[in-house]
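1. Predicted model follows, preceded by the sequence.
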Amino acid sequence: MITVLAGGVGAARLLAGLVQVVDPAELVAVVNVADDLEMHGLAISPDLDTVTYTLAGAIDPDRGWGLAGETWQAMDLLGRYGGPDWFRLGDRDLGTHLYRTGRRHAGASLSQVTAEIAAAWGLGLRLLPVTDDDLRTRVTLAGDGDGEISFQEYFVGRQHSVAVRSVRFDGADTARPAPGVLEAIDRASTVVIAPSNPIVSIGPVLAVPGVRDAVAARRADVVAVSPIVAGAALKGPADRLLTELGHESSVVGVARLYAEVAATLVIDSADAELAEAVEAEGLRAVVAPTIMSSPEAAAALGRTVVAAGAAR
């Protein structure tokens, strides 16, 4: 079994590559939920939905989130009324949030609803939220007087264009791992840290009590994939967040962040000259193409990750 710690587009694409090269029944994805929010009375889980839609082949390929072929009539009408329409939800996507919200109101846990949605899309792997409890990323901006805002206001509302002073995970102290999470980490032959934002995608997963310790206990079997290529993030603000929070925006910076929980770091061929510096941080460096520009490239990276796990 391979267990993947996941969040965002990079994780979804890696999982789409892995299901091409290993039996999906042998895959478990433990997914970030600290980006979740309630809006318009609906329970929205962006990372879980991005993984689901990507693996179902239904993701919008241009945006990297939401469903392909969407229409936006509900949002357009909401905007006409003067309602908050900055967080765009497509007409089809609303069906997912309506279902999730109804089931949660009926008493189902997020884990149960996630399994039901995954089954409805015919996914072969097991999809687990890292916790069923409330866990939310809060961002403090660097500008005077801006204060602390929600992750989605930072990421979507302000288009992650503002400098950040600190990040915290509200609810992390009391959250509990969702059923099956610790077992999936403990029983995996390889634990993979996907090429997700180390701060706001993987950070909250590891912040849930018990998860970091479980991953660290398997350190020899943990393969991380760097989301930073040639000093930059391919998508999103990971590079700027690293710099703003005092880390190095490079594969070496990623290695330092993961040194306690991972023994191997897969880095892109563009960073081959930094392999020795990565290994000086205590991780084995595996150099390979990591940019998943096509399903074939994602599958190739999946094979690299599987081989890296087997070669430890």
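-> Received, thanks.

2. need the contact list for F169.
-> Listed by C-beta atoms under 8 Å, 6 or more residues apart in numbering, the contact partners of F169 are A34, L135, R136, T137, R138, G203, P204, A207. Using the backbone N, CA and C atoms, a C-beta is placed for each residue, glycine as well.

3. L241: which of the residues you listed is nearest?
-> Of all these, L241 sits closest to G203, with 9.7 Å by C-beta to C-beta.

4. A helix includes that closest one, no?
-> Yes. Applying DSSP: H, G, I helix; E, B strand; the rest coil, one finds G203 inside a helix.

5. Just to check, it is in contact with R168?
-> No. Counting by C-beta atoms under 8 Å, G203 stays clear of R168, with 9.8 Å between them.

6. if you count what's nearby, which of those two comes out ahead?
-> Legend: neighbour count by other C-beta atoms under 10 Å for G203 and R168, higher for G203 (21 against 15).

7. Spit out the contact partners of the residue nearest to T243 when sequence neighbours are not counted.
-> Among residues not flanking T243 along the chain, S249 sits closest, at 5.0 Å (C-beta to C-beta, 6 or more residues apart in numbering). By C-beta under 8 Å, 6+ apart, the residues touching S249 are I228, G231, A232, A238, D239, R240, L242, T243.

8. ok, so of the residues you listed, who is nearest R158?
-> R158 lies nearest to R240 out of these, by C-beta to C-beta, at 12.6 Å.

9. can you list the residues that contact the strand or helix carrying that closest one?
-> Element membership for R240 (DSSP states H and E) is helix 238-244. With C-beta under 8 Å, 6+ apart as the test, helix 238-244 has contacts from 142, 160, 163-165, 167, 197-200, 227-228, 231-233, 248-249, 253.

10. In PDB, could you pull the C-alpha coordinates for it?
-> Output in PDB follows, covering the C-alpha atoms of helix 238-244 (Å, rounded to 0.1, in the frame of the first residue of the first chain):
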ATOM      1  CA  ALA A 238       4.600  28.300  -2.400                       C
ATOM      2  CA  ASP A 239       7.800  30.000  -3.400                       C
ATOM      3  CA  ARG A 240       6.800  33.400  -2.000                       C
ATOM      4  CA  LEU A 241       5.400  31.900   1.200                       C
ATOM      5  CA  LEU A 242       8.700  30.100   1.800                       C
ATOM      6  CA  THR A 243      10.600  33.300   1.400                       C
ATOM      7  CA  GLU A 244       8.200  35.500   3.300                       C
END
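
11. tell me the mean pLDDT for the following helix or strand past it?
-> Moving toward the C-terminus from helix 238-244, the first helix or strand encountered (DSSP H and E) is helix 251-258. What helix 251-258 shows for mean pLDDT is 97.

12. for helix 251-258, packing partners?
-> Counting contacts by 3 or more C-beta pairs under 8 Å, 6 or more residues apart in numbering; DSSP states H and E, helix 251-258 is packed against strand 228-229, strand 264-267, helix 275-280.

13. hang on, the earlier thing: which of the contacts of S249 lies closest to W65?
-> A238 (16.0 Å).

14. tell me, how many neighbours does that closest one end up with?
-> By the criterion of other C-beta under 10 Å, A238 has 26 neighbours.

15. Next: L77.
-> For L77, using other C-beta under 10 Å, the count is 11.

16. tell me which residues in the helix or strand encompassing it are buried?
-> For L77, the host element (DSSP H and E) is helix 73-80. By 16 or more other C-beta atoms under 10 Å, the buried positions in helix 73-80 come out as A74, M75, L78.

17. Just give me how far that helix sits from the chain centre.
-> For helix 73-80, the separation from the chain centroid amounts to 29 Å (computed by C-alpha atoms, centre = their mean, to the nearest Å).
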